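Asks: got a sequence here, can you build the structure:
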Amino acid sequence: MPSWNKQIARLFTEQKKALEAFVTRRTGSAQVAADLTQESFLRLARLESGQKIDNLPAFLFTIASNLVRDHQRQAMRRERLEVGEPSEELPCDSPSAVEQLSADQEQSLMQDAIRALPEATRQIFLLYHVDEYSYREIAERLAISPRSVEYQLRRALIDCRAFIQARLAGDVRGSRP
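Replies: Numbers count the residues shown, from 1 in each chain. The predicted structure follows:
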């Protein structure tokens, strides 16, 4: 029967890649897998050579599986310590009803402000901000200068801002019925 060190060396050459792939699948990290694979072989090598192990590869994979489980437990503990205890509120990516209502009101207010613009200014504003035309494309389409487009866009922003401020201040003069 070959010596214990020779058995470990042979097992290392035969099983290292398979064991590393196994651990990588379980941990999702090649670096962690390399570390745990090495630790698995070290723990196997530290066993007394007199111990009878019927299936060395299976025993090695069991060691690795236990190391993966330990690693995942430690990661969960670290995460709990960093994040703190879970709150009773579950995180939610969708906006709350209040946030949705606020967004709807803001959108409605902006639409009212755009509708209040003079027709030519509104058309330029929409071509630029909605249809994403350039100054030059708008100027060519409407047969005006790019400078006029720039002026109209600046005017539209000033008028929209004034409309919104007036509406928020409760001044009905700045809004349409």
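
Asks: could you chop this protein up by domain?
Replies: 4-83, 108-174 (automatic domain parsing).

Asks: starting at the chain centroid, how far to the first one?
Replies: By that I understand domain 4-83. Offset of domain 4-83 from its chain centre (C-alpha atoms, centre = their mean, to the nearest Å): 31 Å.

Asks: measure the closest residue to residue 148 other than its chain neighbours to residue 153 for me?
Replies: Nearest in space to residue 148, with sequence neighbours left out and distances taken as C-beta to C-beta, 6 or more residues apart in numbering, is residue 139 at 7.0 Å. (Glycine included, C-beta is placed from N, CA and C.) According to C-beta to C-beta, to the nearest Å, residue 139 stands 11 Å off from residue 153.

Asks: with residue 129 instead?
Replies: Residue 129 is 8 Å from residue 153, by C-beta to C-beta.

Asks: neighbour count: these two, which is higher?
Replies: residue 153 (18 against 13; other C-beta atoms under 10 Å).

Asks: and that one, what is it in contact with?
Replies: 124-125, 128 (C-beta atoms under 8 Å, 6 or more residues apart in numbering).

Asks: from these, pick the one nearest residue 17.
Replies: Using C-beta to C-beta, residue 128 is the member of the contacts of residue 153 that lies nearest residue 17, at 58.8 Å.

Asks: surely that closest one touches residue 138?
Replies: Yes: with contact defined as C-beta atoms under 8 Å, residue 128 reaches residue 138; the gap is 6.2 Å.

Asks: who touches both of the two?
Replies: With C-beta under 8 Å, 6+ apart as the test, residue 128 and residue 138 both reach residue 149.

Asks: higher neighbour count, those two?
Replies: residue 138 (23 against 19).

Asks: wait, the more buried one sits on residue 151?
Replies: No: with contact defined as C-beta under 8 Å, residue 138 does not count as touching residue 151 (11.9 Å).

Asks: show me where this protein has its helices.
Replies: 4-27, 30-46, 56-83, 97-115, 119-129, 135-142, 146-168 (DSSP state H).

Asks: export the ones you listed to CSV and append columns for mean pLDDT.
Replies: Below are the helices of the chain laid out as CSV (pLDDT from 0 to 100):
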stretch, mean pLDDT
helix 4-27, 88
helix 30-46, 89
helix 56-83, 88
helix 97-115, 86
helix 119-129, 92
helix 135-142, 93
helix 146-168, 92
